[in-house]
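# Quick one: sequence plus predicted model below, questions after.
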Amino acid sequence: MRFVSRMRYVVPIVAVAASLATAGATAQPHAPPAQARDEASVAKGEWTSIRETIRAQLAALRRHDAAQAFSFAASGIRSHFGDAATFLAMVEQQYGALLTARYTEFLEGAVIDGHTIQPLRLVMSDDTVLVALYEMQRDGDAWKIVGCAIAPSTVRST
């Protein structure tokens, strides 16, 4: 899931992660405020679809269902990795935190410079907190995962 390939987007996304990661543990996901939206705005109900796409891919990854997990990736990711087995091997090697988190929680999504970002808080077995930042893209009627970056957080689980 080496999805966030453009460095100019990583810095603002990590800055968002840092602010989101410090939000209270009881934060509930909801649509971003109107001022955060731009030409690539996401309708309120679509955030549910975005989260469902990520949940479904995570479930497939945890079952080691490479084909199903690969089906949620955007076409650029599918082209880059070529096949589901290669994709799954990369996720297991580079994104193990997604597979081993003891708890996950969606944070408030946002549209940043036209990029739809859905953060996911990951609480690890040692109470370390990370934030996975998913970049999402509309593909017909479905949302696909364009990229994912995992950022550390200064928050600890209690």
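Happy to help now that I have it.
# which one's the longest helix in the protein?
What stands out as the longest helix in the chain, according to DSSP state H, is helix 46-62.
# Just the residues contacting it, thanks.
Applying CB atoms under 8 Å, 6 or more residues apart in numbering, the contact partners of helix 46-62 are 29-31, 42, 66, 68-69, 71-73, 88, 91, 98-99, 104, 106, 109, 116, 118, 120, 134, 136, 142-145. Placement of C-beta: from N, CA and C, glycine included.
# just checking, what packs against the longest strand belonging to the chain?
Counting by DSSP state E, the longest strand found in the chain is strand 142-156. Strand 142-156 sits against helix 7-21, helix 46-62, helix 75-81, helix 96-100, strand 128-139, with contacts defined as 3 or more CB pairs under 8 Å, 6 or more residues apart in numbering; DSSP states H and E.
# relative to strand 128-139, how tilted is that strand?
160 degrees (axes from the mean of the first three to the mean of the last three CA atoms, to 10 degrees).
# Would you mind measuring from the spatially most central residue of the chain to Asp113?
Using CA atoms, centre = their mean, the residue of the chain that lies closest to the mean C-alpha position is Tyr134, 2.4 Å off. Per CB to CB, to the nearest Å, Tyr134 is found 16 Å from Asp113.
# swap in Val131?
For Val131 relative to Asp113 (CB to CB), the value is 18 Å.
# what's the answer for Asp139, then?
Applying CB to CB to Asp139 and Asp113 gives a distance of 20 Å.
# Thr104 in helix, strand or coil?
Here Thr104 is strand, with the state taken from DSSP: H, G, I helix; E, B strand; the rest coil.
# Name the residues that touch stretch 91-103?
By CB under 8 Å, 6+ apart, the list of residues contacting stretch 91-103 from outside reads 1-2, 58, 61-62, 69, 122-125, 130, 132, 148, 150, 157.
# my bad, should have said stretch 68-76
Against stretch 68-76 from outside (CB under 8 Å, 6+ apart): 1, 3, 53-54, 56-57, 60-61, 78, 81, 83-84, 87-88, 91, 137, 139, 144-146.
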